[in-house]
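S.K.: how would this look folded up:
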Amino acid sequence: MALFKTKKIQLFIIFIIALIAILWIFQDNFLHLLRDQKAGDQSASVTEEIKESAYLEKIDNFVLKEYSKEQILMHTIQADTYYSYKNSPVQIFQVVVKSFNELQEEGLVITSNRAEILKSGEIFFNGEVKVQTKIGISHEIDTESLIVLSNSGQIKSNKEVTYLGETARFVSEGMEMNIDSDTMYLKGNVRIFEDSGNTVDTKNLYASHNAGEKIYKSKEETVYRSKDTIANSKSGITIDMNLQLINLLGKVEILTGSGGILKSTNVEIDQSNDGEIIKSNSPTYFKSNTVDIKAKKMQYDSVTKKLELMKEVIAVYE
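M.R.: Next up is the predicted model:
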């Protein structure tokens, strides 16, 4: 019996020694685990404190109405959620801003997923912004920051802007929109991505949507690219989205899908019926590997690659 008790004591002592050895070997991991757990508890506590102290006031279903001195309603601001902060602008989410005229008729309507209200009263819209003008035309804009200057009737952005048209997407370095005339100025480098896959690179593009028109104009050098055509214009471009017509202004050089080069002035591109008919009523020069042709008028179908040169045609074959 005494021998049995002695063996039990020896086994217990061996177990204790082994346990101490294991703890000694893994002491760093054990301490890290304790620290991580403590840090996690502290982090969760800090997060809760931030949630409670980050904003001074939170309002759900926020509504603000602005009246003139004559107590006529001028603007309303509605938002799902409103947050005010001590040293930062007010943040509002899922925003709808409406303006009203003297007859209390609804005018401009702006919706955005987020906006900031500065102490000056100016509103900066962020992210996806939809603008419905006084005449009912809707504009969809995606930008980092968009400001509405109600006193001057202007909407401005100095950040990159993506403007979504019905059949094209416009990307520019900034934007100005006149609310009353429904005109827009896309600043800096502008790239147009048509739904057909064609692109236009230009600068400082002016757009008019007044009376239902969709006219875009630039006086800067422009490059038009399609599947089989590259056209360079020295003096700008005019686009009529309703008629699906593009006018390349001034001297124009066109690289055709067959490898030939067309040089002319004031060239029209007809994109109707999913086509691409290039026309000019000005003197035209065509050059390929085998022939040089001069004419007073031309028409080129880039789909069928058929070229017609008309009036006083002079050809020199190599």
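
S.K.: So for stretch 146-155, what gets flagged as buried?
M.R.: Taking 16 or more other Cβ atoms under 10 Å as the basis for neighbour counts, the residues of stretch 146-155 that come out buried are 146, 147, 148, 150, 155. (Each C-beta comes from the backbone N, C-alpha and C, glycine too.)

S.K.: now stretch 284-298
M.R.: Counting neighbours by 16+ other Cβ under 10 Å, one finds that the buried residues in stretch 284-298 are 284, 286, 293, 294, 295, 297, 298.

S.K.: Phi, psi for the closest residue to residue 274 other than its chain neighbours please.
M.R.: Ranked by Cβ to Cβ, 6 or more residues apart in numbering and with sequence neighbours excluded, the top spatial neighbour of residue 274 is residue 196, at 7.5 Å. The phi and psi torsions at residue 196 (degrees, to the nearest 10) take the values phi -70, psi -10.

S.K.: do residue 228 as well
M.R.: phi -120, psi 10.

S.K.: mind checking pLDDT for the residue nearest to it when sequence neighbours are not counted?
M.R.: The shortest distance from residue 228 to any residue other than its chain neighbours is 3.1 Å, reached at residue 257 (Cβ to Cβ, 6+ apart). At residue 257, the predicted lDDT confidence score is 80.

S.K.: residues contacting residue 257?
M.R.: With contact set as Cβ atoms under 8 Å, 6 or more residues apart in numbering, residue 257 has these partners: 227, 228, 229, 302, 305.

S.K.: For the protein, which segments count as helices?
M.R.: Counting by DSSP state H, one finds helices in the chain at the ranges 2-25, 27-53.

S.K.: averaging pLDDT over each of those, which comes out lowest?
M.R.: Among those, helix 27-53 scores lowest, at a mean of 45.

S.K.: what about this protein, any weak spots by pLDDT?
M.R.: Under the criterion pLDDT under 70, the flagged ranges of the chain are 1-53, 135-136, 150-152, 315, 318.

S.K.: please redo it, this time with the cut-off set to 80
M.R.: Where the chain drops to pLDDT under 80, the residues are 1-54, 101-108, 120-122, 127, 133-138, 148-153, 179-181, 211, 258, 314-318.

S.K.: Noted, bye for now.
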